[in-house]
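**Q** Got a sequence here, can you build the structure:
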Amino acid sequence: MSIGRMDLNLLKVFDAVYEDRNLVLAGRRLNLTQSAVSHALTRLRELVGDELFMRTGKGMVPTGRAAAMAPSLRDSLRRIEATLGVERFSPEKSNRRFVIAANDHITVVILAPLSRKLQDTAPGVDLVIRPSTRLDLAEQIDIGRIDLAIGIFSQVPPRLSARTLMSQREVILMRKGHPASRRKLTLADLAKYPLVTISVGGQEEGAVDGFILERGLARQSEMFARHALEEALAEAGQVPRMRVTVPHSLAIPAMLLDSNMLSIVPASLAKALTRGSELLIRQPPYRAGTSTTRAVWHQRNEHDEAHAWLRDMVAAAARNAAGNSEEAE
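**A** Predicted coordinates:
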């Protein structure tokens with residue numbers, strides 16, 4: 001195929017359809033009708049010699065050729081925009097949409113305050129929050145469908161950049177009126193009272209030592225340091241009972257109320273869950289784990305002005321969350 005036959009606008013259509021997987025949404029992004037988007041795709045298919053997208057009940061699914069083209073093509077479009085000197089990013093005037101991957105814990109303690117901040121500083125900017133628990137998280141970052149992933153990562157591959165947002169220790173949640181609520185917790189309590197734990201993936205998803213490794217990115221699957229707890233109890237000749245395992249941290253309050261179960265959670269989450277609730281925070285009777293939350297993004301966005309602004313805003317919200325969590329420790 002000769003590049004002389006290529007209309008670069010067709011590549012923008014490809015980029016939009018690949019991102020939205022929907023002709024109508026892609027058209028809105030480009031200010032084109034659905035018919036115009038469909039016509040552009042037909043021209044591009046003829047040039048490339050591939051269907052590129054297949055229409056299914058779940059939207060426009062890319063073919064293998066399209067998936068192979070996407071990373072380099074989308075990166076090239078961003079470089080062209082930067083080379084041509086597109087208008088500098090202005091948060092106050094921008095209508096950009098950013099896609100962030102995060103779990104419900106991060107959404108509550110970092111992204112909800114960030115959203116409130118954006119109401120004043122960037123009213124036209126939209127946030128789309130997708131689950132960081134999805135098994136194809138690394139792939140979604142690679143192909144550009146996720147701008148920023150926030151979580152606990154034990155391993156970040158060289159093609160991705162990372163920024164530390166906050167570190168925090170674990171604490172224990174219990175209901176008000178719990179039999180152990182009027183004294184310091186002991187290891188015997190952790191053996192006696194069953195636990196509610198948070199896990200977003202087990203061995204069936206390939207989790208090893210509490211982390212799931214995919215495309216070089218190892219993300220946390222369990223929201224507590226299991227080894228620290230088990231080792232502490234083993235020295236006392238006890239074992240913990242993981243009675244209930246849930247995939248969502250916001251289910252913890254409902255599980256603890258009207259029961260004598262305990263839950264080990266990050267301090268920032270504990271602070272959020274006990275605000276105006278019937279739950280209490282207690283310090284663990286052993287050397288609990290410390291977790292470090294990081295933001296991860298693809299290196300192609302390293303010097304993008306808008307992305308850099310987003311990362312700074314997220315970091316500021318995380319610092320506030322970390323400061324609030326210190327009150328819980």
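**Q** what secondary structure does Thr107 sit in?
**A** At Thr107, secondary structure determined by DSSP: H, G, I helix; E, B strand; the rest coil is helix.
**Q** hang on, it packs against Ile129?
**A** Yes - contact criterion C-beta atoms under 8 Å: Thr107 and Ile129 qualify, at 5.8 Å. Heads up, the C-betas are built off the backbone N, CA and C, glycines and all.
**Q** What residues sit buried inside the helix or strand where Leu11 lies?
**A** Here Leu11 sits within helix 8-20, counting by DSSP states H and E. The neighbour-count check on helix 8-20 (16 or more other C-beta atoms under 10 Å) flags 10-20 as buried.
**Q** now do stretch 55-74
**A** Residues of stretch 55-74 classed as buried: 60, 62, 66, 69-70, 74 (neighbour count, 16+ other C-beta under 10 Å).
**Q** so which of those comes closest to Leu135?
**A** Nearest to Leu135 among the buried residues of stretch 55-74: Pro62, at 17.9 Å, using C-beta to C-beta.
**Q** Look at that closest one and report its pLDDT.
**A** Per-residue pLDDT puts Pro62 at 92.
**Q** list the contacts for it?
**A** Contacts of Pro62 were listed using C-beta atoms under 8 Å, 6 or more residues apart in numbering, and they are 18, 52-54, 70.
**Q** Mind doing that once more with 7 Å?
**A** 18, 52-53, 70 (C-beta atoms under 7 Å, 6 or more residues apart in numbering).
**Q** Okay, and which of these map to helices?
**A** 18, 70 (DSSP state H).
**Q** Which two of the contacts of Pro62 have the greatest separation?
**A** Phe53 and Ala70 (11.0 Å).
**Q** distance of the residue lying closest to Pro157 once chain neighbours are set aside from Ile100?
**A** Computed as C-beta to C-beta, 6 or more residues apart in numbering, the closest residue to Pro157 that is not its neighbour in sequence is Gly216, at 3.1 Å. To Ile100, Gly216 is 20 Å away according to C-beta to C-beta, to the nearest Å.
**Q** Between these two, tell me which one has more neighbours.
**A** Ile100 (23 against 13; other C-beta atoms under 10 Å).
**Q** where's the more buried one, which helix or strand?
**A** strand 97-102.
**Q** Remind me what that strand packs against, helices and strands.
**A** If you count contacts as 3 or more C-beta pairs under 7 Å, 6 or more residues apart in numbering; DSSP states H and E, strand 97-102 packs onto strand 126-131, strand 148-151.
**Q** between the ones you listed, which one is nearest to Asp189?
**A** Nearest to Asp189, of those and by C-beta to C-beta, is strand 148-151 at 29.8 Å.
**Q** can you pull out the helices in the stretch 151-300 of the chain?
**A** 187-192, 226-235, 252-256, 267-274 (DSSP state H, counting those that start in this stretch).
**Q** any idea of the mean pLDDT in the first one?
**A** So the one you mean is helix 187-192. Averaging pLDDT along helix 187-192 yields 95.
**Q** follow-up on the earlier one: if I look at the residue nearest to Pro157, how far off is His307?
**A** From Gly216 to His307 the distance is 21 Å (C-beta to C-beta).
**Q** What's the mean pLDDT across the strand with the most length in the chain?
**A** Identified as the longest strand of the chain according to DSSP state E is strand 160-175. The average pLDDT for strand 160-175 rounds to 96.
**Q** State whether Asp120 is indeed within a helix.
**A** Yes - judged by three-state DSSP, Asp120 forms part of a helix.
**Q** Quick one: low-confidence residue ranges for the stretch 51-200 of the chain.
**A** 82, 85-88 (pLDDT under 70).
**Q** Might you calculate how far the helix holding Leu11 sits from the centre of the chain?
**A** 25 Å (C-alpha atoms, centre = their mean, to the nearest Å).
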